[in-house]
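1. Need a 3D model of the following:
(one chain, ligands or ions: 2)
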Amino acid sequence: MKIDPWSSTTYQDYTKLRDEFGIEEFTENLWKNLPHPHKLLRRGVVFGHRDFQIIQEAALKKKPWVILTGLMPSGKMHLGHKMVIDEVIYYQSIGADVFIAVADIEAFAIREHTLEETMDFALNEYIPNYIALGLKPEKCRIYFQSKNEDVKDLAYILGKKINWSQMQATYGFNGTNNMTHILSPLIQTGDILHVQLEKYGGIRPTLVPVGVDQDPHIRLSRDIAEAHRLYNVTVTKDNKIGVFVKVDENVNNLLDHAEKILHSLNYTKLKRITGYKAIYIDEAKKGDIQKIDEQLAKTEPKLGGYGFLQPSATFHRFMTGLTGEKMSSSKPETAIFLTDSPKITIKKIMDAKTGGAVSLEVQKKEGGKPDECVVYELFLYHLIEDDKELQDIYLSCKNGEKMCGNCKKYASQLMEKLITDLQEKRKTAERKIKQYLS
Ligand code: TRP
Ligand code: SF4
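-> Ligands and ions are numbered 1, 2, ... in the order given. Next up, the predicted model:
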């Protein structure tokens with residue numbers, strides 16, 4: 001199996017995907033002690049992660065960290081797009097710096113949109129909605145890939161450590177793909193890593209919340225970050241912690257420098273083995289690796305390197321389209337758009353595919369199937385904050401007390417409120433856009 005970020009596949013079996021690609025399970029202990037954990041974290045919508053524990057620690061200790069996501073605007077913003085921004089807004093509220101990339105180069109490469117059209121979608125549709133949803137301008141930057149020189153520079157500079165065979169293996173590229181498309185994963189790597197350049201806040205943990213289709217980009221960015229490090233901290237064969245210099249130039253200077261850093265971290269029992277380009281730390285433990293690595297990484301830019309920490313990622317499930325197929329901007333009947341009128345919204349919900357039984361009688365007897373119901377998904381992802389209320393709906397559906405007609409009516413009421421509230425907030429959003437753009 002291969003994950004293809006540009007196909008129209010919907011990935012259904014999340015557990016299998018997770019295990020196959022070495023994504024970790026997003027367990028309760030990762031979010032439980034965060035401030036007011038978001039419903040998407042609590043409810044298993046975020047089902048997997050890579051290195052989220054680093055983000056958790058930064059958030060809890062109030063150390064600097066950053067969240068970055070990207071959007072490929074194509075027409076209208078729907079509830080699936082809202083979900084990612086809800087996550088971003090939550091992380092912003094618990095202290096993250098925010099960067100949002102408008103992926104106009106990628107959209108140009110793989111869709112029929114000019115850079116100008118994409119800019120139009122972003123400015124008139126997506127960004128006003130982000131603001132209406134509650135994104136704050138403080139410590140928040142929205143930028144366009146095609147206008148960010150640092151991102152584009154990184155794309156070709158970092159690309160030096162990745163070869164064509166790896167790109168083919170990761171993305172299934174072949175002779176028919178256009179060159180802009182082939183470049184776009186490197187641009188995305190530029191997006192993900194540029195936030196750790198000095199100018200954008202420096203070396204710090206980065207979280208990229210994405211759908212699982214984006215995992216190839218996550219893996220590429222992590223590999224590239226690692227490939228550009230000057231130091232590597234690891235457990236040696238004889239179970240010691242060692243700092244290794246990864247490059248062949250300037251080795252002695254780099255070892256001197258590492259020694260200084262280790263002293264500043266209060267390690268004294270150091271053994272330098274120049275032949276291995278290594279320093280062994282007698283008194284360090286496995287749990288110290290991350291701390292040592294971060295300290296070294298932070299100084300790498302001064303030594304001619306980048307020091308990029310490997311980005312962390314979370315993976316979320318996708319909402320099902322209202323009709324049961326994939327939710328898509330190009331099929332209005334599958335999605336509720338944030339700019340839909342209340343009337344249209346209600347009609348879409350009334351026509352939605354539920355987990356109801358063939359008849360009322362059967363449903364009373366055998367119950368409904370909330371797990372296969374898109375109306376229930378609306379409650380779960382967007383409409384109901386209180387976990388107890390959500391659980392009550394789930395149970396009363398399952399045991400046949402709740403009928404779809406009433407249930408849809410309730411969903412419509414809540415959705416109408418959400419939609420009109422956004423409508424109201426968008427009115428003032430347009431004026432504020434400038435505060436968000438870099
Ligand atoms: N490729 C993403 C998409 O298809 C958009 C994107 C661009 C992105 N740059 C990013 C996502 C950086 C996360 C991080 O939607
Ligand atoms: Fe879905 Fe509600 Fe019907 Fe249950 S009662 S199947 S949750 S619409």
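
2. List the buried residues of the helix or strand Leu17 falls within.
-> Assigned by DSSP states H and E, Leu17 falls within helix 14-20. For helix 14-20, burial by neighbour count (16 or more other CB atoms under 10 Å) applies to 14, 17-18. Yep, even glycine has a C-beta here, placed from its N, CA and C like the rest.

3. Of the residues you listed, which is the nearest to Thr27?
-> Nearest to Thr27 out of those is Arg18 (CB to CB; 11.8 Å).

4. The helix holding Leu17 - contacts with which helices or strands?
-> If you count contacts as 3 or more CB pairs under 8 Å, 6 or more residues apart in numbering; DSSP states H and E, helix 14-20 packs onto strand 46-50.

5. residues contacting the residue lying closest to Gln435 once chain neighbours are set aside?
-> Excluding the flanking residues, the one nearest Gln435 by CB to CB, 6 or more residues apart in numbering is Pro137, at 3.9 Å. Neighbouring residues of Pro137 by CB atoms under 8 Å, 6 or more residues apart in numbering: 432, 435-436.

6. and which of the residues you listed is nearest ligand 1?
-> Closest to ligand 1 out of the contacts of Pro137 is Tyr436 (16.7 Å), distances taken as CB to the nearest ligand atom.

7. Next up, phi/psi of the closest one, please.
-> Tyr436 adopts backbone torsions of phi -100, psi -20, taken as degrees, to the nearest 10.

8. Does the most centrally placed residue in the chain belong to a helix, a strand or coil?
-> The centroid of the chain falls nearest to Pro209 when counting by CA atoms, centre = their mean (1.3 Å). Recorded secondary structure, Pro209: strand (DSSP: H, G, I helix; E, B strand; the rest coil).

9. Tell me which residue of the chain lies closest to ligand 1.
-> Residue nearest to ligand 1 within the chain: Gly70 (2.3 Å; CB to the nearest ligand atom).

10. Leu193: helix or strand, and which one exactly?
-> Using DSSP H and E, Leu193 falls within helix 179-194.

11. what residues does the helix or strand that the helix holding Leu17 is followed by touch?
-> Once helix 14-20 ends, the next helix or strand along the chain (criterion: DSSP H and E) is strand 24-25. Contacts to strand 24-25, defined as CB under 8 Å, 6+ apart, come from residues 18, 47-50, 52.

12. Repeat the analysis, applying 10 Å as the threshold.
-> With CB atoms under 10 Å, 6 or more residues apart in numbering as the test, strand 24-25 has contacts from 15, 18-19, 30, 44, 47-53, 315.

13. Tell me where the stretch 201-350 of the chain has helices.
-> For the stretch 201-350 of the chain, the helices defined by DSSP state H, counting those that start in this stretch cover 215-227, 251-264, 289-299, 342-350.

14. Deepest-packed of these, please.
-> Sort the helices of the stretch 201-350 of the chain by mean neighbour count, taking mean count of other CB atoms under 10 Å, and helix 215-227 sits at the top with a mean of 21.

15. Next, the contact list for the residue lying closest to Pro35 once chain neighbours are set aside, please.
-> Distances taken as CB to CB, 6+ apart place Ile94 nearest to Pro35, at 5.2 Å, with adjacent residues excluded. Applying CB under 10 Å, 6+ apart to Ile94 gives the contacts 34-38, 59-60, 62, 65, 67.

16. ok, how many other residues are close to whatever residue of the stretch 101-250 of the chain ends up closest to ligand 2?
-> Distance from ligand 2 to each residue of the stretch 101-250 of the chain (CB to the nearest ligand atom) is smallest for Gly211, at 23.6 Å. Gly211 has 17 neighbours, counted by other CB atoms under 10 Å.

17. The residue nearest to the centre of the chain against His49, yeah?
-> Yes - the criterion here is CB atoms under 10 Å, and Pro209 meets it with His49 at 9.3 Å.

18. who touches both of those two?
-> Residues touching both Pro209 and His49 by CB under 10 Å, 6+ apart: 312-315.

19. Could you dump the residues you listed into JSON lines with distance to ligand 1 and neighbour count added?
-> Shown next, in JSON lines, are the shared contacts of Pro209 and His49 (distance: CB to the nearest ligand atom, whole Å; neighbours: other CB atoms under 10 Å):
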{"residue": "Ser312", "distance to ligand 1": "12", "neighbour count": "23"}
{"residue": "Ala313", "distance to ligand 1": "9", "neighbour count": "26"}
{"residue": "Thr314", "distance to ligand 1": "11", "neighbour count": "27"}
{"residue": "Phe315", "distance to ligand 1": "11", "neighbour count": "27"}
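
20. Let me see the contact set for Ser7.
-> Residues in contact with Ser7 (CB under 10 Å, 6+ apart) are 172, 213.

21. and the stretch 51-200 of the chain, which of its residues are near ligand 1?
-> Contact residues (CB under 6 Å from any ligand atom) of the stretch 51-200 of the chain with ligand 1: 68-72, 101, 103, 106, 188, 191-192.
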